[in-house]
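In: Quick one: sequence and predicted model below, then my questions.
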Amino acid sequence: MADPESFTVVIAGAGIAGLALANMLEKANIDFIVLEKREIAPQTGASISIQCHTVKIFEQLGIWQSMYASTFPLISRQHFDEHGRLFDDSPIFKSVTEKTKRPIVFMERHFCLETLYNNIKDKSRVLTNSGLVSFVEDESGINVTTDSGQSIRGSILVAADGVHSTVRKLLADSVFEYDSERYQNLVAGFTSSYRTVFGTSTSRPRNGIPGSMTPPNAVVHHVYYRNVSGITTAGANGLIFWFLFVKEKTVSRTPHCPRYTDADASATIGIYGDLFASPGYTFRDLWDRRTKAGIVPMEEGVIQSPWNNGGRVVLVGDSISKTTVNAGLGGNLAVEGVCNLANGLVQLLQRKRAPTSHDIMSIFQRYEQIQRPRAELSFNVSNYTTRYESMDSMWLRFLRRLSSWIPLCWKTRVILGYFEPAPFLNFLPDPDVN
């Protein structure tokens, strides 16, 4: 591979997408700078599901073994109705793992981010407390300015700065006067119909609460109520990961989705905390034993206008596609997206050490062409799953009663059908090829 030392990728955001991309570029010997407006890997109480196809990419990056050592593979899903009755006990994760030879796991999002960051060899390329505030392009590159006044020169800018993306807002502002449709797509591309209170709790006594909770390892519990649902699962070291999903009274749209506070989380638990969360305990029990928790609106959608600005700026991750939590696809989708982008950049730089803006634009368009169908599919699956688990309609309540009759082989085939088209890093050795 040619050494594209003059080509520098500026990455805005050090979330899952930003840090995964930084790891990929470092493996490809492509220079990069990551700008993160806060510290790395904040402890928010959030957890993340890592699916089989993401495991393969993490194997290629050399981080999977250290991740896997701190978790364990999931085996089954147990589904409970609003009365706490088990209506479906499915070893679906075990079945999928047997087919793919890779597990599905839950871990703290903090731990996932920390592992991605620690795997970057040159930490000087990751700048914390350095938020992007503006950028200016020219034919040969892009100048980015941070909130501290620092100017950084790069070849392209990748916006991995999340659902409230500053870069996406800047792109919207740039077209406000002459392209109102694109402006609206960029600014108001997501809606929110549900909120989630999420947390990481300890199974041991905490906050003066006696006794302990002992959820089974390797099992995910799903609970179904009218307009409310929940997920709990055991983590390593006596942790419990959990989510409480509540349907909102009205649908909101970005940038006017609610910005919730700790008081809102407490109020939500006050209303729904006594609901059964998992055999032996309620959501209030989990809340009382929390080590960290939060509340957010669950934005969802896929930005319908182009994911680049026709120049040297491209959007990735949650800045262009957002899924609800229930199906566990969001973080994995972000890794998929930057994998497709990295594959394209490596192929380009193998051909040209100093690609033109037209060359770069072609790569951005190809990335979107590949990734958009995956984003749309993931959005639709997640959208349906959230409403199915909250029994959002009479039809979905009826389907819930049929779910236990669906053969395991059919369920497995559907999940494998989603995993199989997923990308891997084609410039690194394929772990499945001996």
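Out: Done, it's in.
In: least trustworthy helix or strand in this structure by mean pLDDT?
Out: helix 394-402 (a mean of 92; mean pLDDT, DSSP states H and E).
In: need the longest strand for the protein.
Out: As assigned by DSSP state E, the longest strand anywhere in the chain is strand 239-253.
In: in that one, what counts as buried?
Out: 239, 240, 241, 242, 243, 244, 245, 246, 247, 252 (16 or more other C-beta atoms under 10 Å). Any C-beta I mention is one placed from the backbone N, CA and C, and that applies to glycine too.
In: Which strand residues bridge the fifth one?
Out: For residue 243, the beta-bridge partners are residue 198, residue 231 (DSSP bridges).
In: From residue 356, how far out is it?
Out: Counting by C-beta to C-beta, to the nearest Å, the gap from residue 243 to residue 356 is 46 Å.
In: With the last one instead?
Out: Here the distance between residue 252 and residue 356 works out to 42 Å (C-beta to C-beta).
In: Where does the nearest residue to residue 429 once chain neighbours are set aside fall, secondary structure wise?
Out: Leaving out its chain neighbours, the residue that sits closest to residue 429 by C-beta to C-beta, 6 or more residues apart in numbering is residue 60, at 7.3 Å. Element membership for residue 60, per DSSP states H and E: helix 52-61.
In: got it, and residue 201?
Out: Short version, using DSSP H and E: residue 201 is in strand 191-202.
In: what angle separates the biggest helix by length in the chain from helix 394-402?
Out: Longest helix in the chain by number of residues, with DSSP state H as the criterion: helix 357-389. Using axes from the mean of the first three to the mean of the last three C-alpha atoms, to 10 degrees, the direction of helix 357-389 lies 80 degrees away from that of helix 394-402.
In: Compute the inter-axis angle for helix 357-389 and strand 191-202.
Out: For helix 357-389 against strand 191-202, the angle by the same axes, to 10 degrees is 70 degrees.
In: in helix 357-389, what's buried?
Out: For helix 357-389, burial by neighbour count (16+ other C-beta under 10 Å) applies to 357, 360-361, 363-368, 370-372, 374-375, 378-379, 381-383, 385-389.
In: coming back round to it: packing partners of the longest strand of the chain?
Out: strand 105-108, strand 191-202, strand 228-234, helix 262-272, helix 283-288, strand 290-302 (3 or more C-beta pairs under 8 Å, 6 or more residues apart in numbering; DSSP states H and E).
In: downstream neighbour of the second one in the secondary structure list?
Out: Reading on from strand 191-202 to the C-terminus, the next helix or strand found by DSSP H and E is strand 219-225.
In: Using the three-state scheme, assign residue 70.
Out: Following DSSP: H, G, I helix; E, B strand; the rest coil, residue 70 is assigned to coil.
In: Surely it touches residue 111?
Out: Yes: using C-beta atoms under 8 Å, residue 70 is in contact with residue 111, at 6.6 Å.
In: So which of those two has more stuff around it?
Out: Shown here are residue 70 and residue 111; by other C-beta atoms under 10 Å, residue 111 has more neighbours (19 against 14).
In: Shouldn't that one be within a strand?
Out: No: checked against three-state DSSP, residue 111 lies outside a strand; its state is helix.
In: Residue 89 and residue 354: what is the separation?
Out: Distance from residue 89 to residue 354, by C-beta to C-beta: 58 Å.
In: meant to ask about residue 421, not that
Out: 33 Å.
In: ditto for residue 336
Out: Distance, residue 336 to residue 354, by C-beta to C-beta: 29 Å.
In: Also residue 142?
Out: Counting by C-beta to C-beta, the gap from residue 142 to residue 354 is 14 Å.
In: These two: which has the busier surroundings?
Out: residue 142 (20 against 11).
In: For that one, grab phi and psi.
Out: Dihedral pair for residue 142: phi -150, psi 140, per degrees, to the nearest 10.
In: Residue 167 too?
Out: Torsion angles, degrees, to the nearest 10, at residue 167: phi -60, psi -40.
In: How about it: what's its closest non-neighbour residue?
Out: Nearest non-adjacent residue to residue 167, counting by C-beta to C-beta, 6+ apart: residue 159, 3.5 Å away.
In: need the contact list for that neighbour.
Out: 12, 13, 165, 166, 167, 168, 313, 314, 315, 316, 319 (C-beta atoms under 8 Å, 6 or more residues apart in numbering).
In: contacting residues around the second one?
Out: For residue 13, the contacting residues are 34, 35, 36, 159, 160, 161, 162, 165, 317, 319, by C-beta under 8 Å, 6+ apart.
In: Same check on the first one?
Out: Shown in contact with residue 12 (C-beta under 8 Å, 6+ apart): 18, 35, 132, 144, 157, 158, 159, 160, 161, 165, 166, 167.
In: If we go by neighbour counts, what in the helix or strand containing residue 22 is buried?
Out: Here residue 22 sits within helix 16-27, counting by DSSP H and E. Within helix 16-27, the residues that qualify as buried are 16, 17, 18, 19, 20, 21, 22, 23, 24, 25, 26, 27, counting by 16+ other C-beta under 10 Å.
In: how about that helix as PDB, C-alpha atoms only?
Out: Extracted C-alpha coordinates of helix 16-27, given in PDB (Å, rounded to 0.1, in the frame of the first residue of the first chain):
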ATOM      1  CA  ILE A  16     -18.300   4.700  18.700                       C
ATOM      2  CA  ALA A  17     -18.100   5.900  15.000                       C
ATOM      3  CA  GLY A  18     -15.200   8.300  15.500                       C
ATOM      4  CA  LEU A  19     -13.000   6.100  17.600                       C
ATOM      5  CA  ALA A  20     -13.700   3.000  15.400                       C
ATOM      6  CA  LEU A  21     -12.800   5.100  12.300                       C
ATOM      7  CA  ALA A  22      -9.600   6.300  14.000                       C
ATOM      8  CA  ASN A  23      -8.600   2.700  14.700                       C
ATOM      9  CA  MET A  24      -9.300   1.700  11.100                       C
ATOM     10  CA  LEU A  25      -7.200   4.600   9.600                       C
ATOM     11  CA  GLU A  26      -4.300   3.900  11.900                       C
ATOM     12  CA  LYS A  27      -4.300   0.300  10.700                       C
END
